[in-house]
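Undergrad: Quick one: sequence plus predicted model below, questions after.
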Amino acid sequence: MNWLITGGCGFIGRALIARLLDEGGNRVRVLDNLSGGTRADLGAVAPVSDPRDVQDWSAPLMLMEGDIRDADMARGACTGAEVVVHLAANTGVAPSVADPRSDCETNVMGTLNMLEGCRDAGSGRFVFASSGAPLGVQTPPLNEEMAPHPASPYGASKLSGEGYCSAYYHCFGVETVVLRFGNVYGEGSGHKQSVVAKFIKQAMQGETLELYGDGTQTRDFIHISDLVEAIVRATRIPGIGGETFQIASAQETTVRELTDALIAALEAEGVKRPDTCFGEKRNGDVMRNYSNTSKAQTHLGWQASVPLQDGLRRTIRYFIETPAA
């Protein structure tokens with residue numbers, strides 16, 4: 001199949017691409033503005049070619065350097081794609097609080113451009129990477145039937161993307177599937193600033209780990225291999241157009257518990273125990289966040305399988321073995 005992956009130079013994209021190329025028979029085109037990953041990062045997965053034109057799907061892995069905010073670029077990238085996986089986004093609460101307009105332009109207009117490109121190209125499936133942020137402040141576990149109450153501009157922009165996916169399914173027949181990712185971690189996350197990758201890098205550099213607030217806020221941490229499996233299933237299982245799925249571990253973990261587990265894993269891998277401290281609570285953060293994944297189990301035949309401690313050990317080994325990560 002011909003796969004278009006936006007943001008494919010990033011952490012999740014590269015893991016997905018590695019899976020697809022290992023399967024054989026897939027051709028992958030990446031649309032990326034190189035803000036969260038580089039051509040060299042992508043080249044570490046497989047040799048990268050430049051397409052001659054928008055009709056060119058001759059190589060297993062090709063990179064189109066461009067921005068999803070460019071409607072013409074989005075339309076051209078979708079040409080010939082049978083599956084579109086839309087990962088490119090402004091990610092995280094803090095950047096959206098600092099610059100809500102930029103967050104909106106990327107996550108709302110960028111998603112609209114990709115849906116339009118998918119509609120014009122007649123692509124068979126459009127998978128949208130969302131998160132728990134559209135639901136905002138809720139009493140977890142989060143589920144797909146909850147009314148959204150976003151607590152940050154990021155959550156609002158992702159909610160808008162989910163809404164456009166629903167509209168394009170019902171109005172235009174685009175087979176959209178929304179996946180609300182938990183907190184993703186794992187091998188290949190060297191450029192990420194999320195808590196697991198950041199804490200590992202800081203610990204290896206002998207720095208103090210700062211927990212925001214009192215560390216009792218909870219998250220749902222999912223290993224990259226489990227996430228990639230969910231994405232692949234969402235592109236292939238029939239009859240799920242217009243649906244939304246929570247994709248997470250279904251386990252509630254406080255940031256303090258994560259930090260304790262991470263420190264234990266670091267010490268087990270020979271890294272000196274880091275100091276910890278507490279900082280100010282961040283604006284827009286929700287206190288509790290974990291998911292009920294029973295819908296994904298029923299309709300995708302999927303559930304997370306990598307325990308947190310195992311995933312942390314694998315991630316730490318990656319950082320130790322890849323010093324430039």
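TA: Everything's here; your move.

Undergrad: hmm, who's touching stretch 295-315?
TA: By CB atoms under 8 Å, 6 or more residues apart in numbering, the list of residues contacting stretch 295-315 from outside reads 143-144, 185-187, 189, 196-197, 200, 221-223, 225-226, 229-230, 233-234, 237, 240, 243, 245-251, 253, 258, 261-262, 264-265, 268-269, 293. C-beta here means a position set from N, CA and C on the backbone, and glycine is covered the same way.

Undergrad: residues in contact with residue 187?
TA: 15, 224, 314, 315, 318.

Undergrad: ok so, going back, buried ones only from the contacts of stretch 295-315, please, as a ChimeraX command.
TA: Here is the ChimeraX command that picks out the buried ones among the contacts of stretch 295-315, judged by 16 or more other CB atoms under 10 Å:
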select :143,144,185,186,187,189,196,197,200,221,222,223,225,226,229,230,233,234,240,243,245,246,247,248,249,250,251,253,258,261,262,265,269,293
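
Undergrad: among the contacts of stretch 295-315, which are in strands?
TA: Using DSSP state E to define strands, the subset of the contacts of stretch 295-315 located there is 185, 221, 222, 223, 243, 245, 246, 247, 253.

Undergrad: Quickly check those for the two that are furthest apart.
TA: 243 and 253 (26.6 Å; CB to CB).

Undergrad: can you give me the strands in the protein?
TA: Here the chain has its strands, by DSSP E, at 2-6, 27-32, 61-65, 83-86, 125-131, 176-181, 183-185, 209-212, 218-219, 221-223, 243-247, 253-254, 276-279.

Undergrad: next one: the third one to chain centre, how far?
TA: When distances are taken as CA atoms, centre = their mean, to the nearest Å, strand 61-65 is centred 19 Å away from the chain's centroid.

Undergrad: Pull out the buried positions in it.
TA: Buried, per 16+ other CB under 10 Å, within strand 61-65: 61, 62, 63, 64.

Undergrad: Quickly note the distance from residue 150 to residue 95.
TA: 15 Å (CB to CB, to the nearest Å).

Undergrad: same check, this time on residue 198
TA: Residue 198 is 14 Å from residue 95, by CB to CB.

Undergrad: Check residue 15 too.
TA: 22 Å.

Undergrad: neighbour count winner among the two?
TA: Legend: neighbour count by other CB atoms under 10 Å for residue 15 and residue 95, higher for residue 15 (20 against 17).

Undergrad: Quick check: that one touching residue 186?
TA: Yes - at 7.3 Å, residue 15 counts as touching residue 186 under the criterion of CB atoms under 8 Å.

Undergrad: Now do the shared contacts for those two.
TA: Common contact partners of residue 15 and residue 186 (CB under 8 Å, 6+ apart): 224, 225.

Undergrad: Over to the closest residue to residue 212 other than its chain neighbours: give its phi and psi.
TA: Leaving out its chain neighbours, the residue that sits closest to residue 212 by CB to CB, 6 or more residues apart in numbering is residue 282, at 5.1 Å. As for residue 282, its main-chain torsions (degrees, to the nearest 10) stand at phi -90, psi 140.

Undergrad: and residue 282, what does it touch?
TA: Counting by CB under 8 Å, 6+ apart, residue 282 has contacts 93, 94, 212, 213.

Undergrad: Contacts only, for the first one.
TA: What that stands for is residue 93. By CB under 8 Å, 6+ apart, the residues touching residue 93 are 133, 152, 154, 155, 282, 283, 284, 285.

Undergrad: are any of these buried, and which?
TA: 133, 152, 154, 155, 284, 285.
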